[in-house]
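Chemist: please find the sequence and the predicted model below.
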Amino acid sequence: MDQTRTRARTRRAILEAAVEVLGDNSAAPLSEVARTAGVARSTLQRYFPERSDLTRALGEYVEELVNEATVRARTTDGTAIEAFSRLVAEYFGARKAILAAFGDQDVPREPAECESGPADLALYDLVERGHEDGTIDPRITPLWAQQLLWSGLYAGAVYVNVARVPAFEALNMCLLSLVKAVSDDRRA
């Protein structure tokens, strides 16, 4: 039992180190990930024999983080635009992990290539609810809102690094931009 917990802690330390290292430089050597995790390169290879194994596990780890963030955002509470704002803030906290896991992937060419997980479905429901409660512009489709959200989060992450501003400033810019983009301004 204790060995299982140790393995889980080591695996998580490697994944968190991969977020830090690969979030800054997707081409960084795995030896840098091992060093950041505080493990030997051979230990990292025991857990993830190939770089592709690490990146696949990183994707699963980020999916777990995104699902947890979606739950924390309470997407069914309040108006849809309030829930959308909470969702942006929660996802923004995971921006580095998201970039580390998905930053170098090819852009999907067809919707069939994209699987909809619990976080995606919660966002789609939130947007539909926003259409019904009048807070989200009905011309904004759920899929467009999803793409806009991820694009805005990417822009926020880059803004932190390029402009060297505090994360809270980039989060405020993300919220301002994304909420304005999906709000139903015809209500005013």
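Modeler: Perfect, I can see it now. Numbers count the residues shown, from 1 in each chain.

Chemist: going forward, measure contacts and count neighbours with C-alpha atoms only.
Modeler: Fine.

Chemist: CA atoms only: put the least confident helix or strand in the chain by mean pLDDT into PDB for me.
Modeler: In the chain, no helix or strand scores lower on mean pLDDT, DSSP states H and E than helix 95-102, which sits at a mean of 79. The C-alpha trace of helix 95-102 is given here as PDB (Å, rounded to 0.1, in the frame of the first residue of the first chain):
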ATOM      1  CA  ARG A  95      -3.300  27.500 -18.300                       C
ATOM      2  CA  LYS A  96       0.300  26.300 -18.000                       C
ATOM      3  CA  ALA A  97      -0.700  22.700 -17.800                       C
ATOM      4  CA  ILE A  98      -3.100  23.100 -20.700                       C
ATOM      5  CA  LEU A  99      -0.300  24.700 -22.800                       C
ATOM      6  CA  ALA A 100       2.200  22.000 -21.800                       C
ATOM      7  CA  ALA A 101      -0.200  19.200 -22.800                       C
ATOM      8  CA  PHE A 102      -1.800  20.600 -25.900                       C
END
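
Chemist: would you indicate which residues of that helix are buried?
Modeler: Arg95, Lys96, Ala97, Ile98, Leu99, Ala100, Ala101, Phe102 (16 or more other Cα atoms under 10 Å).

Chemist: got it, and stretch 24-37?
Modeler: Ser26, Leu30, Val33, Ala34, Thr36, Ala37.
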